[in-house]
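K.L.:
pasting a predicted model and its sequence here:
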Amino acid sequence: MREMKFRAWDNYSKEWCPNLISLTKAGRVVVMNADGYADPAFKLMQFTGLRDNSGHEIYEGDIVNHFKTPNGDEITDAHGNHIYEIIWAGSGLTLQGRDGHPVTFLLDKEWGDCLQVIGNIYEHPDLIG
């Protein structure tokens, strides 16, 4: 079973706000403001259950370099098409590329070892361009 973790980005202060995440009675995960109310200005991101090749946790909204396949083949592309944003689509992890082309994977450790987190869409939007 995958560990359920979340992080949140504050669009007002432009920083991470890990201590404001809460679970409602209905089972929804929300980000609370200082007054204790759910605030849509906070962007909630879920942990994928994967760690990259350096052991860093991979969350939706992260930008990754997909540098090899699970069988060890190196991925090279002169146009930088191996840079992806992590998003959820249905029940799978999807890598959304610069060209808008999604690549969907099953969530397993082999794929995490093929990725390197290089930033996220909030602090480094230029990486995904």
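P.N.:
Arrived safely, thanks for sending.
K.L.:
so where's this structure uncertain?
P.N.:
1-2, 18-19, 76-81, 90-91, 101, 104-108 (pLDDT under 70).
K.L.:
again, only this time at 80
P.N.:
1-4, 18-25, 27-41, 69-81, 89-93, 97-111, 129 (pLDDT under 80).
K.L.:
now do the strands in the protein.
P.N.:
Secondary structure of the chain (DSSP state E): strands at 6-10, 15-16, 21-23, 29-31, 42-51, 57-59, 62-66, 83-89, 92-97, 102-105, 115-120.
K.L.:
reformat those as TSV; add distance to Glu74 and mean neighbour count.
P.N.:
Every C-beta, even on glycine, is put in place using the N, C-alpha and C of the backbone. Below are the strands of the chain laid out as TSV (distance: least, C-beta to C-beta, whole Å; neighbours: other C-beta atoms under 10 Å):
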stretch	distance to Glu74	mean neighbour count
strand 6-10	30	19
strand 15-16	33	12
strand 21-23	37	13
strand 29-31	37	17
strand 42-51	20	18
strand 57-59	20	18
strand 62-66	11	22
strand 83-89	15	18
strand 92-97	17	18
strand 102-105	17	14
strand 115-120	13	20
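K.L.:
in CSV: the ones you listed, plus distance to Asp126.
P.N.:
Output for the strands of the chain, formatted as CSV (distance: least, C-beta to C-beta, whole Å):
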stretch, distance to Asp126
strand 6-10, 16
strand 15-16, 18
strand 21-23, 27
strand 29-31, 25
strand 42-51, 18
strand 57-59, 19
strand 62-66, 10
strand 83-89, 11
strand 92-97, 15
strand 102-105, 21
strand 115-120, 9
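K.L.:
what sits up against stretch 9-29?
P.N.:
Residues outside stretch 9-29 that contact it (C-beta atoms under 8 Å, 6 or more residues apart in numbering): 6-8, 30-33, 38, 41-46, 61, 122.
K.L.:
Asp62 against Val117, yeah?
P.N.:
Yes. Asp62 is in contact with Val117 according to C-beta atoms under 8 Å; the separation is 5.1 Å.
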